[in-house]
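A.B. asks: The following comprises the amino acid sequence and a computationally predicted model.
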Amino acid sequence: MRVLFMGTPDFAACSLKGLLDAGWEVAGVFTQPDRPVGRKQTVEPTPVKKLALEHGLPVYQPTRLRDGTAAELIRGIAPDVIAVVAYGRLLPKEILDIPPRGCVNIHGSLLPKYRGAAPIQWAVINGEARTGVTAQYMAEAMDAGDIIDTRETAILPGETAGELFERLAPMGAELLCDVLSHIADGTAGRTPQNDAEATTAPPLTREMAELDFSLPGRLVVSRIAGLDPWPVAAAQIGGTRFKIYKAYYTTKEIDAPPGTVLSAGKAGIEIAAGDGSVTVTELQAPGGRRMPAADYLRGHPICP
């Protein structure tokens with residue numbers, strides 16, 4: 001069965017590697033155009049492109065999908081199935097209708113929850129206890145296709161979005177290989193999603209970084225974890241705006257307005273929240289390096 005793979009970031013590269021390791025015939029790879037990255041804005045190939053080139057696979061990077069050019073190219077490749085993992089673009093119906101075995105997508109949530117661009121981050125931000133990956137037949141609406149199969153896992157205490165990405169990526173790769181096997185032998189399931197249970201996961205923005213300590217401490221801590229590695233949570237503490245990487249919360253009663261520094265010492269910087277308190281244990285000052293809050297306080301005391 002000929003597979004056309006579409007994907008862009010590391011999460012997708014893990015699935016492409018899984019297909020190659022399992023011996024699937026990957027007839028070609030679609031990925032986003034090369035873009036500037038990092039502080040120096042150096043133009044680099046996507047992780048999927050790097051892996052594809054290492055294995056001698058044809059790589060295509062169309063800037064448009066709706067002008068008919070990409071569809072004509074795909075018809076020439078003649079895939080039996082298209083596998084899509086974090087490609088970053090919606091496929092038009094003209095492309096969805098090309099492969100006889102359909103278009104399969106691996107999505108980083110338990111659909112229909114968290115449809116959209118940032119499902120892993122939002123699951124952490126919202127303090128979900130469990131998440132997973134879903135294989136679905138693609139539809140014109142975003143992440144609304146019939147479900148083929150899922151894999152589920154607990155979100156670990158204190159786990160960041162970046163750490164969860166690393167755990168879900170191989171799960172997605174394994175699920176994709178299993179699902180393609182079932183599609184090939186005609187045993188793949190197909191369960192329509194319940195749209196009434198759907199939630200969305202829009203892209204993260206830099207503006208989301210600023211912490212709101214009027215929220216319950218539990219949600220402040222979840223937000224810190226969900227915004228790591230990007231855009232990274234931030235807060236004004238003692239007159240300095242820090243990036244915040246690690247924190248824990250308590251539910252004890254606090255008689256102080258949210259955002260008030262309650263203590264600063266070996267345990268970290270304790271701040272009043274809307275419900276309980278949040279203690280920042282790892283941070284980064286402007287122009288400095290990431291470090292334990294206790295280390296920072298030794299040279300830069302903050303008075304409650």
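C.D. replies: Nice, I can see it.
A.B. asks: so what secondary structure elements neighbour the helix or strand containing Ala83?
C.D. replies: Here Ala83 sits within strand 81-85, counting by DSSP states H and E. Strand 81-85 is packed against strand 2-7, helix 10-21, strand 103-107, helix 161-185, with contacts defined by 3 or more Cβ pairs under 8 Å, 6 or more residues apart in numbering; DSSP states H and E. Every residue, glycine included, has its C-beta placed from N, CA and C.
A.B. asks: Which strands or helices does the longest one pack on?
C.D. replies: It stands for helix 161-185. Using 3+ Cβ pairs under 8 Å, 6+ apart, helix 161-185 is in contact with helix 10-21, strand 81-85, strand 103-107, helix 119-125, strand 130-137, strand 147-154.
A.B. asks: quick check: mean pLDDT across the fifth one?
C.D. replies: Spelled out, that is strand 130-137. Here strand 130-137 scores 98 as its mean pLDDT.
A.B. asks: Spell out the residue ranges of the helices in the stretch 201-304 of the chain.
C.D. replies: Ranges of helices in the stretch 201-304 of the chain, per DSSP state H, counting those that start in this stretch, are 217-226, 293-299.
A.B. asks: between the longest one and helix 161-185, how many degrees?
C.D. replies: In this structure, helix 217-226 runs at an angle of 70 degrees to helix 161-185, with axes from the mean of the first three to the mean of the last three Cα atoms, to 10 degrees as the basis.
A.B. asks: Report the mean confidence score over helix 217-226.
C.D. replies: 98.
A.B. asks: what sits up against it?
C.D. replies: Helix 217-226 is contacted from outside by 121-127, 158-161, 211-213, 215, 233, 244-251, 273-278, using Cβ atoms under 8 Å, 6 or more residues apart in numbering.
A.B. asks: shouldn't Ala71 be in contact with Lys93?
C.D. replies: No. Between Ala71 and Lys93 there is no contact under Cβ atoms under 8 Å: 9.9 Å.
A.B. asks: which of these two has more neighbours?
C.D. replies: Ala71 (20 against 11; other Cβ atoms under 10 Å).
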